[in-house]
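In: Here is my input, please return the structure:
(2 chains)
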Amino acid sequence: MARTFRYTSLALTISAAILLSACDNGKDNDPIAQSPATTEPSAVEQDQSGSDTGTSAPAAASISEQDVASHYADLAHATYLDALTTAQALDKAVDALLAEPTEANLEAAKQAWLTARVPYQQSEVFRFGNAVVDDWEGQVNAWPLDEGLIDYVDADDYQHEMGNEGATANLIANQTLTIGGETLDASELTPQLLADLNEVGGSEANVATGYHAIEFLLWGQDLNGFEAGAGQRPVTDYVQGEGCTNGNCDRRASYLDAATDLLVSDLQWMVDQWSADEQGNYRAELLALPNQDVFQKMLFGMGSLSLGELAGERMKVALEANSYEDEHDCFSDNTHNSHYYNGKGIQNVYLGSYQRQDGSVISGPSLSALVAEKNPELDQTLRDDLDNTMQALTTMKQAAEGEPAMAFDMMIAPGNEAGARIINDAIAALAQQTGSIEQVAAVVGVESLQPDDAGHSF
Amino acid sequence: MFSFSILSLRTLKWAGVTALLTASVCSAAWAQTPRATWHDSLATGYTALAEQAGALDQAASTYCQAPSTDTRSQLESAWREAFDSWQAVRFVDFGPVEQDNLAWQFQFWPDAKNTVARKANQWLGSEQPIGVEQLKADSVAVKGFPALEYLLFDPQAAKSQPLPQERACALLTGITALLQRNSAQLQQQWQDFRPHYLNTEQFQRTTVLAAMHGVETLRNKRLAAPMGLEGKPRRNPYLADAWRSEHSLAGMRASLVGLQQYFLPGLRQWMDNDQGAELTNRLDQQLTTTIQRLERQPADLQQLLADDDGYRNLQLIFIEVDKLNQLLSGNIASQLGIIRGFNSSDGD
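Out: Model prediction:
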């Protein structure tokens, strides 16, 4: 749903040429083997200023704006690298499941998916503001989806986008797909075909690829409404030959295999975009910009994810409409974690730190340190705001994982006051931090928080 | 997308300070300020909304007590008029309308997944009693104009429980009663809000940002999106608002009329030098031009999307709306030194 408002009328701070060339990079570049030794971002770890309040820092210890910008790229690289490695683990777990469809293997694949979400959700703060990510992410993390495009759904309990011809296409059961008067061959479910089918017919709800398509293929539809429980896809949906449930188990297996392969290659592409070892990639373009333009992207990403996307689209709509169709991870009931790690990602960018999947922490020259030099009070305010948000999201996570568990789709049930309070507290904290982010923008010389045009102008 | 601003928190605070301030208010002191003008204008707008919502509630009761072709058509007109009076003040995304998510209660939109129909069908298909209190506890999607529109204009609703069957009527009159109550509450709270609005300098900027956001929403979401100009080039009338009643373009017209009536006068007062007067005159003209173009259409959006001639008409409307947007968010905003912050439309 890449529908950011665009202000074509106002001067853009970023040259359209750069944005366009960023979009021109093909998605199917050969995945280039990374050299982990040289891309390890922890090289910048020793800079302490990022984690100090900086109030007492003498002028000599001044933070370099250029270092803050390049450390931002380091953070993005580390986060995507973790997203890649956890997706590779998911891919392996899926391969094991398909080779041997047992309960244990299904459970292991689900666990791998849940683990893969941890770094990916932290990466979403890089999406808004960086067109290279926003233009790419539709194939990776689009939602909500009309899952009937992919596989069987319960005819009585399936709500899809109005006017979407592909909403009940069921690619797993059908070798061809007719949409918009055109018939497409879907006999071989390859990663390339799935990529081509994503948003087929022009509907953003036709999500054929990415985390949520994989989530649906592992968990199945959540038919519990506001009651406890996630999707209950039987593992026999992947049994080949006799014992196959719900038909077309061979095609279902091919689909899941192709979708996980595609996720890995997509993430590899994004890792390369942020690598310090690649020539002419997005990182190089970004760091060639004036520092203030990079700060604009950092802050725009933080603010857009905080308010419009996380507080608004992912929480408030679901809560106020009491609509589990608008739940983010609706098949797996992992929504609380998706929200939690989104919040974490926002905090990471400001503090210039990220805890990697292996437990190590990278930190370096941060926006926070830069702001602390100019306005220590404001820096402290935003730090406190970010802490409060994480506190509220921790409460949400604990409620969802507690005993008895109150998952996000239960919190949004009509009349659940305790659930509504948990969500509203998180929304209020996110709104509060957005206000401070706006103020920080002025302090670091960002004149306008306009979204960039991302090359989508008419 | 949905109206949802970071002002929510600031607004929440006014309820507490209102009582203190009311005593010290001398309205004459602000007689000449833009905010005083805006407050008066919007009070007129909210009063009209409350009156039309009352008339709609009355028309719903009359129809359900004595169903006939006449009472039905009066009811449908009453819906259109009340909807239009909401469109006229819909751009206001701060102040009392933020309380209890009133804006969403009036109009939950966009609704790609058809939550409105799903929630309405749950009420139609169940046994539980329907009343204002019960509806209040449910989804915003069932509380406002779109849910009524579904009952009145969607053949899907008519298939299961056509009006004037008992449950359909109970739901219809329950929603109109809630709308009436909400609009009366909004009208009253807008009055209570006056001292805080006049005393808070920041609302000057906030009010212009609200108008900018309103035009932007109209351009991008209400018009460009169904035309397939946002994202993938697919025409989809269901992305528009009021498609069920074929009132999409008329609703846009009502929003622009609202800006002309309730926003422009205060803006003129703020921009009272020569350059400002030139810009506000241009804005006035551009509003008129766009309104007139919308009035000249032979059919509503859905039908115009269906063929190339119709689509050309929509393109011409889009050009006018785009000019309007550029004038407001470009020339006027920069003249006033207004910089856009984050709003609900950021993100997806």
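
In: Tell me if stretch A:364-383 is near chain B.
Out: No - using CB under 8 Å from any CB of the partner chain, stretch A:364-383 stays clear of chain B, coming no nearer than 13.6 Å. Bear in mind the C-beta positions are built from the backbone N, C-alpha and C, glycine included.

In: tell me the helices in the stretch 51-200 of chain B, going along the chain?
Out: With DSSP state H, counting those that start in this stretch, the ranges of helices along the stretch 51-200 of chain B come out as B:69-89, B:102-106, B:115-125, B:132-136, B:145-153, B:155-160, B:166-199.

In: deepest of those, which one?
Out: Of all the helices of the stretch 51-200 of chain B, helix B:145-153 has the most neighbours on average by mean count of other CB atoms under 10 Å in any protein chain shown, namely a mean of 25.

In: Run through who's touching that one.
Out: The contact list for helix B:145-153, computed with CB atoms under 8 Å, 6 or more residues apart in numbering or on different chains, reads B:56, B:75-76, B:79, B:82-83, B:86, B:106-109, B:111, B:116-117, B:119-120, B:141, B:156-157, B:163, B:168, B:171-172, B:175-176, B:179, B:241-242, B:244-246.

In: Could you report the neighbour count for residue A:277?
Out: Here the count is done by other CB atoms under 10 Å in any protein chain shown, and residue A:277 has 13 residues near it.

In: Phi first, then psi, for it.
Out: phi -100, psi 0 (degrees, to the nearest 10).

In: Run through the residues that contact residue A:329.
Out: Listed by CB under 8 Å, 6+ apart, the contact partners of residue A:329 are A:117, A:212, A:215, A:335, A:337, A:338.

In: cool, residue B:33 as well?
Out: By CB under 8 Å, 6+ apart, residue B:33 lies in contact with B:198, B:269.

In: coming back round to it: for the helices of the stretch 51-200 of chain B, which one sits closest to residue A:264?
Out: Between residue A:264 and the helices of the stretch 51-200 of chain B, the tightest spacing by CB to CB is seen for helix B:115-125, at 34.8 Å.

In: who touches that closest one?
Out: Contacts of helix B:115-125 (CB under 8 Å, 6+ apart): A:159, A:321-323, A:325-326, B:108, B:130, B:138-139, B:141-142, B:146-147, B:150-151, B:154, B:156-157, B:160-161, B:167-168, B:171.

In: and that helix, C-alpha only, in PDB?
Out: Output in PDB follows, covering the C-alpha atoms of helix B:115-125 (Å, rounded to 0.1, in the frame of the first residue of the first chain):
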ATOM      1  CA  THR B 115     -15.700  -3.500   7.000                       C
ATOM      2  CA  VAL B 116     -18.900  -1.300   6.800                       C
ATOM      3  CA  ALA B 117     -20.900  -4.100   5.100                       C
ATOM      4  CA  ARG B 118     -19.400  -6.800   7.300                       C
ATOM      5  CA  LYS B 119     -20.300  -4.900  10.500                       C
ATOM      6  CA  ALA B 120     -23.800  -3.900   9.300                       C
ATOM      7  CA  ASN B 121     -24.500  -7.500   8.200                       C
ATOM      8  CA  GLN B 122     -23.500  -8.800  11.700                       C
ATOM      9  CA  TRP B 123     -26.200  -6.600  13.200                       C
ATOM     10  CA  LEU B 124     -28.800  -7.500  10.500                       C
ATOM     11  CA  GLY B 125     -28.100 -11.200  11.000                       C
END
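
In: quick one: average pLDDT of it?
Out: Average pLDDT, helix B:115-125: 93.

In: what about residue A:170, distance to chain B?
Out: Going from residue A:170 to chain B by CB to the nearest CB, to the nearest Å gives 19 Å.

In: distance of that residue from residue A:143?
Out: Counting by CB to CB, to the nearest Å, the separation of residue A:170 from residue A:143 is 19 Å.

In: how about the closest residue to residue B:211 other than its chain neighbours, what does it touch?
Out: Sequence neighbours aside, residue B:263 is the residue nearest to residue B:211 in space, at 4.8 Å (criterion: CB to CB, 6 or more residues apart in numbering or on different chains). Shown in contact with residue B:263 (CB under 8 Å, 6+ apart): B:38, B:41, B:91, B:207, B:211.

In: Surely the first one touches residue B:266?
Out: Yes - the pair residue B:38 and residue B:266 passes the contact test of CB atoms under 8 Å, sitting 3.6 Å apart.

In: intersection of neighbour lists for the two?
Out: Common contacts of residue B:38 and residue B:266 (CB under 8 Å, 6+ apart): residue B:207.

In: which one of these two has more residues nearby?
Out: For residue B:38 versus residue B:266, the count of surrounding residues by other CB under 10 Å is larger for residue B:38: 26 against 23.
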